[in-house]
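J.: From the sequence below, what's the structure:
(chains A and B)
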2 protein chains.
Amino acid sequence: MATTPYQQLEEEFRRLHAFRGALATLRWDAAVMMPRGSAEVRGEQLAALETECHAILTSPKVSRLIDRAHANAQGLEDWQVANLREMRRQRDHALATPNSLVSRLAKASARAEAHWLEARRTQRFADFAPHLAEVVALIRDRAALLGQHLSLAPYDALVDEFSPGVLTADIDGLFKALGRRLPALIRDAIEVQAATPPLPITGKFASAKQRALCVEAMKALGFPFDHGRLDESEHPFTEGMAGDLRITTRFEPGDPFHGLFAALHETGHAMYELGLPADWRDQPVGRNRGMVLEESQSLLIEMMIARSRPFLAFLKPHLEKHLGVSGPEWEVENLYRYLTQVHRGSLRADADEMTYQAHIMLRYELEKQLLDGSLAAADLPEAWNESAQSRLGLKPANDVEGCLQDVHWAVGRFGYFPAHALGGLIAIQLWEKLRSDVDTIDADVARGDFSGMFTWLRQNVHGVGAKMTVQDLIREATGRPLTAAPALRYFEAKYLEPR
Amino acid sequence: MATTPYQQLEEEFRRLHAFRGALATLRWDAAVMMPRGSAEVRGEQLAALETECHAILTSPKVSRLIDRAHANAQGLEDWQVANLREMRRQRDHALATPNSLVSRLAKASARAEAHWLEARRTQRFADFAPHLAEVVALIRDRAALLGQHLSLAPYDALVDEFSPGVLTADIDGLFKALGRRLPALIRDAIEVQAATPPLPITGKFASAKQRALCVEAMKALGFPFDHGRLDESEHPFTEGMAGDLRITTRFEPGDPFHGLFAALHETGHAMYELGLPADWRDQPVGRNRGMVLEESQSLLIEMMIARSRPFLAFLKPHLEKHLGVSGPEWEVENLYRYLTQVHRGSLRADADEMTYQAHIMLRYELEKQLLDGSLAAADLPEAWNESAQSRLGLKPANDVEGCLQDVHWAVGRFGYFPAHALGGLIAIQLWEKLRSDVDTIDADVARGDFSGMFTWLRQNVHGVGAKMTVQDLIREATGRPLTAAPALRYFEAKYLEPR
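T.: Numbers count the residues shown, from 1 in each chain, chains lettered A, B, ... in the order given. Reported below is the predicted structural model:
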């Protein structure tokens, strides 16, 4: 049977998809089920599969097929053209970094991570600095090579991996508009909220009860437990794909919302996977539109939906049923105040959605400076603390709460942080449009009906897969390019409302 | 860096080993953890990995390297020579069946399995017969091709997959010697045992308690829970390899021994894996010596060790502790009588170790006749029932309890059954020698010390890996070729002893 170059490419990427699915299950197993001593054996299996995936993407055969498919692209449909573009994109990313650099980076990152851990223990940043500098130098090489392959500036090439098609110029514009208002917004929100502080939430809540609550909330959102699981792990995550979705969370006995909101966040990821175009599920164009969009979908559920009065009205009877709680602190209005508190803190991981943006801006600025050489690794603590003062209005008590709080730079993850901030901004812009299109949304959510919301998201976001760029997707969905304006309106309405 | 053809082969088989390890985890997950609806997605992943494994084994590159390594074999050590032989053996098995036949067999088997299920429901063997005939015809083709590649008679080539190097002539000799005595042994054992029937064991035993009992017994045997797990599944199995061993069992609330003995059986498999030569663990020569040896190791633990008075003396306090039981029926002598009962039954799966041999002889004869054409699929029920009468002394009540009881032939698994009988005979012959070499074994087992036993097994069986043929391994370990004599002595001593 004669097949076209394009059809042969689909076959190659179908195989790649199956291997990636296998990798997802092996990673889930490693985090959730695997005996502690089995890490070495598992590492060999993961490495063999990852090498095979890389080999498929970088094979001369695939490159030849891409060239030939491009030369005969006139017969292809829209989706096929977009698929071919995404195939090329994945190939370019894979080809750009030579194996020797991959291997040097892996070694330098492993060293740097070990010294990062040690520096956190000893509180001596200086011992970590040379290892960070080594990683930065290698990432600079990687960014240059990646930039050449993708015809992008080096830092833009790093950003592209997590936020496809988003440029430094876009981020600068967004952060400038947002950053201008943010310090005042944070200050005002804290002042407004101080007038009506929530009653504290205390108690001990067994994991089994918290789990039952999570399952009920996830079912209401539409998580398909016949094609997915909820388990526990050290760090919450989502693995797998439509057909076999694996979510994890972590329960804190003293905080019934920690595990629940993590599970809701992950359910946002899962629902995105579930809504991807089914006909293209094993092709690049049928996958999600990068981490930035993934993050927008988890934040939309966790921040916009779950931290709202309608959702808490829906949740209240389930809290009472599963946790056996009652009293004034469990009333909707108190829960809402409790779960939407703005606070200044040094740690990104503990931040509310508004100060979170400031945490990312700080990292974005500093990682660009590290990469362009204007900031030496050794000088990071000072620069960090200065930026924290101006962005967050505080000075970290020490480097563990400052520039040593995240592992990302030690392991070479540069260009990654902006996707988190942008994910939040995208979520808000989509949410604003969704609310105006689905005008029954508050009443729907309050009675646990999320179908209208997900219908909108499937039509406008999930079902698009990777067919468009991030920017086009947002423009098509909301009628406007991505701007900071919806976020400013949303923050103001949510956090400055008189209570 | 210049590498020899042999070294390059090791690299290829290391990759193969990693993929097989990934497959093991994915299969375990499918049976134990996977949501019901995810079978389709998982099927694609398994197929992609199995195809890749087949592609490695059948690649022109590997065949070329095997030829070149053979031509330069004078520099290789013992283990390397044996490894090269096993590489060739795996390659020959993989190459022998063309893809078109694999695909026709897969389809015919799927059809036959569906009709087998249906025929069990309707009790109409005739509806299944033509589908069985189709599978038999394809297996005949496969056996002929495999035989050509391996220079073996067709049926021997099928046997070789499960019992490497064992020939029909060997099996015929063993079954002849055993079969001559077996009907009388079974009759006499039943008569002797009837004089002192055990008190019945009844009660309800929660899974959690049965599990705790299993874990304690497995720990005593040396199962490494830091590199392995015990879970539950529909059918007990062992997956994985040293470094990450996954055992499953199934608990029956009314029978505290069902789940325990299945777990002990699987622990026998696991301990074999664990004792394989560590230096060769990712090479063919470092793997187990086929299903026949695997089965010998599980049966040695389940039948010879666990169904013995010393083991039951060790087990008794743990039964009392975990199940909260006491009374005359829980005394060692009664448990021993209860767990070593010989009985005539139609079903292989319910058979004791002695009548089991007769169940297999029946299948062995009939499957050879099906393959050589002397028995038509349509005539199977009659032939089965006749053989059951002479071998087992009974006529099955219907075909569901007769020739429709096993799925194996429907799915094309011919040459497989003998490995079960031979595994039992090998276990007994090893056990006889082990007892004479480790003369403290009964006292050791009674106090839960299995170290001497496993030291012997590692030296003589596990640590050999696939370095020798089955026959040579037994000769080296016991000083004699495999014969039926130890089994006849063992059956007589165990089942005809006056009680």
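J.: Please tell me how far A:Glu476 sits from chain B.
T.: According to Cβ to the nearest Cβ, to the nearest Å, A:Glu476 and chain B sit 29 Å apart. Any C-beta I mention is one placed from the backbone N, CA and C, and that applies to glycine too.
J.: What of A:Gly412?
T.: A:Gly412 sits 25 Å away from chain B, going by Cβ to the nearest Cβ.
J.: correct me, but that residue touches A:Leu138?
T.: Yes. Using Cβ atoms under 8 Å, A:Gly412 is in contact with A:Leu138, at 7.2 Å.
J.: so what sits against both of these two?
T.: Both A:Gly412 and A:Leu138 are contacted by A:Leu105, A:Ala108, under the criterion Cβ atoms under 8 Å, 6 or more residues apart in numbering or on different chains.
J.: Show me the strands in chain A, by range?
T.: Along chain A, counting by DSSP state E, strands occupy A:228-232, A:238-241, A:244-249.
J.: Who are the contact partners of A:Gly21?
T.: A:Gly240, A:Met241, A:Asp244, B:Val41, B:Glu44, B:Gln45.
J.: hmm, try it at 10 Å
T.: Each residue near A:Gly21 by Cβ atoms under 10 Å, 6 or more residues apart in numbering or on different chains is listed here: A:Glu239, A:Gly240, A:Met241, A:Gly243, A:Asp244, A:Asp282, B:Leu26, B:Val41, B:Arg42, B:Glu44, B:Gln45, B:Ala48.
J.: what's the closest of these to B:Leu473?
T.: Nearest to B:Leu473 out of the contacts of A:Gly21 is B:Leu26 (Cβ to Cβ; 30.9 Å).
J.: Give the burial count for the closest one, as a bare number.
T.: B:Leu26: 20 surrounding residues under other Cβ atoms under 10 Å in any protein chain shown.
J.: Also A:His408?
T.: 13.
J.: Distance-wise, check it relative to chain B.
T.: Per Cβ to the nearest Cβ, A:His408 is found 28 Å from chain B.
J.: So that residue is in contact with A:Ala419, correct?
T.: No. The pair A:His408 / A:Ala419 is not scored as a contact, 11.4 Å apart, by Cβ atoms under 10 Å.
J.: returning to that earlier point: neighbour-wise, which of the contacts of A:Gly21 leads?
T.: A:Asp244 (27 neighbours).
J.: So what sits opposite it in the bridge?
T.: Per DSSP bridges, the residues bridged to A:Asp244 are A:Met241.
J.: pLDDT wise, what is the closest residue to A:Arg15 other than its chain neighbours at?
T.: What sits nearest to A:Arg15 in space, not counting adjacent residues and going by Cβ to Cβ, 6 or more residues apart in numbering or on different chains, is B:Ala48, at 5.5 Å. B:Ala48 carries a pLDDT value of 93.
J.: quick one: contacts for B:Ala48?
T.: A:Arg14, A:Arg15, A:Leu16, A:His17, A:Ala18, A:Phe19, A:Arg20, A:Gly21, A:Ala22, A:Glu52, B:Phe19.
J.: I figured A:Thr469 hits A:Arg475, correct?
T.: Yes. Contact criterion Cβ under 10 Å: A:Thr469 and A:Arg475 qualify, at 9.3 Å.
J.: which residues do these two both contact?
T.: Counting by Cβ under 10 Å, 6+ apart, nothing touches both A:Thr469 and A:Arg475.
J.: low-confidence ranges in chain A?
T.: For chain A, the stretches flagged by pLDDT under 70 are A:1-2.
J.: got a list of what the most centrally placed residue in it touches?
T.: What sits nearest the mean C-alpha location of chain A, by Cα atoms, centre = their mean, is A:Glu295, with 3.5 Å. The neighbours of A:Glu295, taking Cβ under 10 Å, 6+ apart as the test, are A:162-163, A:265, A:268-269, A:272, A:419-424, A:426-427.
J.: Now with 6 Å, please.
T.: A:Ala419, A:His420, A:Gly423 (Cβ atoms under 6 Å, 6 or more residues apart in numbering or on different chains).
J.: Let me have those residues in CSV, extended by neighbour count.
T.: Output for the contacts of A:Glu295, formatted as CSV (neighbours: other Cβ atoms under 10 Å in any protein chain shown):
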residue, neighbour count
A:Ala419, 26
A:His420, 22
A:Gly423, 24
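J.: so which of those residues comes closest to A:Ser233?
T.: Nearest to A:Ser233 out of the contacts of A:Glu295 is A:His420 (Cβ to Cβ; 20.2 Å).
J.: tell me which parts of chain A are close to chain B?
T.: A:15, A:18, A:21-22, A:25-26, A:29, A:35-38, A:41, A:44-45, A:48, A:226-229, A:243-244 (Cβ under 6 Å from any Cβ of the partner chain).
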